[in-house]
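# Based on what follows, work out the 3D shape:
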Amino acid sequence: MINPIWLISFIEVVNRSTMAEAARHLRLTPAAISKHILSLENALGTQLLKRSTRRVDLTHEGLVYFDHAKRILDAYQQAEAAVSHSLEEPSGILKVICGPQIGNLYVLPYIKEFLERFPKIRLHLELTQTVPDLEKEKVDIVVGLSTGIPVHCIQRTLTHARWVFCASPDYLKKHGVPKKPADLTQHQIITRIQRQPNNLIEFKTGETVLFEPYLYFNDTRAIRRSVLHGLGIAQLHDYIIAEDLKEIDL
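Have a look, this model is predicted:
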């Protein structure tokens, strides 16, 4: 592999005709410059410079390589500058797809701070429960939606959530509290239309419960409200009902 510093030393020697002048310009010793040139020639397997006591000249192979080396070094420096500029101040449109509950609880409260820190970012935030087609749609970040994400996408765990069974005190008073998983078949279960299968509950123990849904919704907020109104039992993530639990005197 060619070290960029070898290219820099080679180009400077050619431009200044002597290793001493190149060393002075690069603030290196002539011995270091000579070592760089030798390493480059060994890596390429050919002599690039004809050396004399007063100056150096290009060999035929060196002349051919010199033109390519300048282009390679220029491309390398442009790439480095582009990355450095990007790291200094991000800009442009940032498209984010986010689950509504995650978005309202954990994204929207921090938008002001984010935009103040990165004023050149134009944020495009879409709250939806539909996972985008990342193979076709131009999306930068997906938050809170993990089903169907292509394996080549970079995924990071931001937090952990767990499923909990929820019911209002009024519903439990009227229908009783299920004591074991099989008891759920005797209750009014509220489920998501998109969940497949949406009539089956799997427990960590390996036990499964097949049930006849009482209500179907395509929106988690609607499921939560129906549970609060005493219409049945639903499986929801703990962060969705966290504030509701605080209002109950447990």
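
# contacts, neighbours, all on C-alpha from now
Will do.

# could you dump stretch 25-38 to CSV, C-alpha only?
Extracted in CSV, the C-alpha atoms of stretch 25-38 (Å, rounded to 0.1, in the frame of the first residue of the first chain):
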residue,chain,number,x,y,z
HIS,A,25,9.8,22.8,2.4
LEU,A,26,8.3,19.8,4.2
ARG,A,27,10.3,20.5,7.4
LEU,A,28,11.8,17.0,7.3
THR,A,29,15.4,15.8,7.0
PRO,A,30,16.9,14.9,3.6
ALA,A,31,17.4,11.4,5.0
ALA,A,32,13.7,11.1,5.7
ILE,A,33,12.9,12.3,2.2
SER,A,34,15.3,9.8,0.7
LYS,A,35,13.7,7.0,2.7
HIS,A,36,10.2,8.0,1.5
ILE,A,37,11.3,7.9,-2.2
LEU,A,38,13.1,4.6,-1.7
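
# center of this structure - which residue?
Nearest to the mean C-alpha position of the chain, counting by C-alpha atoms, centre = their mean, stands Ile154 at 5.0 Å.

# quick one: the helices in this structure?
Using DSSP state H, the helices of the chain run over 4-16, 19-26, 30-44, 60-88, 100-102, 111-117, 169-175, 220-228, 242-246.

# Please name the residues that touch Leu7.
40, 69, 73 (C-alpha atoms under 8 Å, 6 or more residues apart in numbering).

# Same question for Tyr214.
188-191, 232.

# Let me know the closest of those residues to Leu210.
Closest to Leu210 out of these is Ile189 (10.7 Å), distances taken as C-alpha to C-alpha.

# wait, isn't the closest one in contact with Val209?
No - if you go by C-alpha atoms under 8 Å, Ile189 and Val209 don't touch, sitting 11.4 Å apart.
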